[in-house]
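K.L.:
Build me a model:
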Amino acid sequence: MTIWTPQLSGQGPVYRQLAQAIGQAVEQGELQARQRLPTHRALADKLGVTVGTITRAYAEAEHQGWLTARVGAGTYVREESLEPAVSWHIRQPDPSRIELWQNLPILQDREPAFRNAIEQLLATPERVNALMEYSSVNGELPQREIVCAWLNKYGFTATPDRLFFSFGSQNGLLLSLMACGAVGETVLCEGLTYPGLSTLCHPLRIQLKGLAMDDEGILPQALEKACQSGNYRTLYLNPTIHNPTPALCRWHDGKKFWLCANAIS
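P.N.:
As a prediction, the model looks like this:
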């Protein structure tokens with residue numbers, strides 16, 4: 001049986017040459033979506049390299065987005081449409097289809113609100129010009145003051161000099177993971193967790209360890225057992241309108257837990 005045989009460039013480590021050859025084969029149509037690649041041992045024998053080299057090459061190609069590995073089934077060319085958590089199709093054009101993998105607001109007409117905001121901006125051209133310039137990475141001071149005033153109404157002690165704006169939840173999660181030094185480590189999370197977290201962890205080479213949970217979130221005894229069995233320093237919790245379960249996290253067995261929605265603590 002003839003197996004797919006890549007043409008290696010001869011430059012750099014063999015595993016990188018092979019990962020590059022896989023990407024080129026996919027782009028050129030030589031390898032088709034959902035096509036199964038040769039087994040590690042079969043391709044190693046064909047190229048005269050070690051199995052470990054093939055394993056490392058496949059892992060690198062998967063990291064680059066060309067392949068997807070299925071435990072017990074083999075390694076396949078990835079088909080983007082089969083991975084909604086990666087392709088991020090937020091809204092579907094079919095109104096009869098209800099997507100439950102994202103917590104989204106009810107569809108409504110937003111045109112009046114946007115028109116009003118745009119009209120106010122056009123009435124003050126200097127504000128429009130200011131919006132076209134680079135802004136502070138911390139957000140403008142008036143913006144931070146407004147947010148702090150809102151937070152302080154709910155018992156927080158927030159000051160503008162300690163408030164940082166992220167460019168969306170995914171950007172905030174990425175910065176939090178990197179700030180916690182979680183790259184290449186294992187992060188604890190709920191057994192069912194936010195799919196966007198998994199999307200971020202893959203390129204950062206972060207392993208997720210799901211913990212047992214009930215209708216109110218992670219079981220405290222499951223967290224305690226995990227902490228006793230390994231050296232983990234990062235825990236991800238998403239307790240408020242938990243995605244993907246939409247459950248709410250509350251007090252558990254009378255014990256107080258400080259939880260922060262969509263954050264790493």
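
K.L.:
hey, let's count contacts and neighbours off CA atoms from now on
P.N.:
OK.

K.L.:
show me where the stretch 151-265 of the chain has helices.
P.N.:
Counting by DSSP state H, counting those that start in this stretch, one finds helices in the stretch 151-265 of the chain at the ranges 169-179, 195-201, 220-229.

K.L.:
And the longest one, what's buried?
P.N.:
What it means is helix 169-179. 172-173, 177 (16 or more other Cα atoms under 10 Å).

K.L.:
Kindly reformat those as TSV containing pLDDT and distance to Thr199.
P.N.:
TSV is the format used below for these (pLDDT from 0 to 100; distance: Cα to Cα, whole Å):
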residue	pLDDT	distance to Thr199
Gly172	88	14
Leu173	90	11
Leu177	92	12
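
K.L.:
Out of the helices of the stretch 151-265 of the chain, the one nearest Gly65 is which?
P.N.:
helix 195-201 (11.5 Å; Cα to Cα).

K.L.:
now that closest one, how far from the chain's geometric center?
P.N.:
Distance, stretch centre to chain centre, for helix 195-201: 2 Å (Cα atoms, centre = their mean, to the nearest Å).

K.L.:
one step back: could I get the buried residues of helix 169-179 as JSON lines with distance to Cys201?
P.N.:
Compiled in JSON lines, the buried residues of helix 169-179 are given as follows (distance: Cα to Cα, whole Å):
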{"residue": "Gly172", "distance to Cys201": "13"}
{"residue": "Leu173", "distance to Cys201": "10"}
{"residue": "Leu177", "distance to Cys201": "9"}
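
K.L.:
from those, which is closest to Gly12?
P.N.:
Nearest to Gly12 among the buried residues of helix 169-179: Leu177, at 31.0 Å, using Cα to Cα.

K.L.:
was I right about the closest one contacting Val183?
P.N.:
Yes. Using Cα atoms under 8 Å, Leu177 is in contact with Val183, at 7.0 Å.

K.L.:
so where's the stretch 1-150 of the chain uncertain?
P.N.:
1-2, 80-108 (pLDDT under 70).

K.L.:
Quick check: pLDDT value at the residue lying closest to Tyr194 once chain neighbours are set aside.
P.N.:
Sequence neighbours aside, Asn243 is the residue nearest to Tyr194 in space, at 5.3 Å (criterion: Cα to Cα, 6 or more residues apart in numbering). The confidence metric pLDDT takes the value 73 at Asn243.

K.L.:
what does the one 3 residues further on give?
P.N.:
Predicted confidence (pLDDT) at Pro246: the value is 66.

K.L.:
What strand or helix carries Asp45?
P.N.:
Here Asp45, judged by DSSP states H and E, is contained in helix 40-47.

K.L.:
just checking, what packs against that helix?
P.N.:
Counting by 3 or more Cα pairs under 8 Å, 6 or more residues apart in numbering; DSSP states H and E, the packing neighbours recorded for helix 40-47 are helix 51-63.

K.L.:
Skip ahead from the helix it packs on and say which helix or strand is next.
P.N.:
Going down the chain from helix 51-63, the next helix or strand is strand 67-70, by DSSP H and E.

K.L.:
now for that following strand, which elements pack on it?
P.N.:
helix 51-63, strand 74-77.

K.L.:
rewinding a little: nearest to Ala117, out of the buried residues of helix 169-179: which one, please.
P.N.:
Looking across the buried residues of helix 169-179 and measuring by Cα to Cα, the closest to Ala117 is Gly172, at 25.9 Å.

K.L.:
re the thing from before, right, and the residue nearest to Tyr194 touches Thr193 too?
P.N.:
Yes. At 6.6 Å, Asn243 and Thr193 qualify as touching, with contact defined as Cα under 8 Å.
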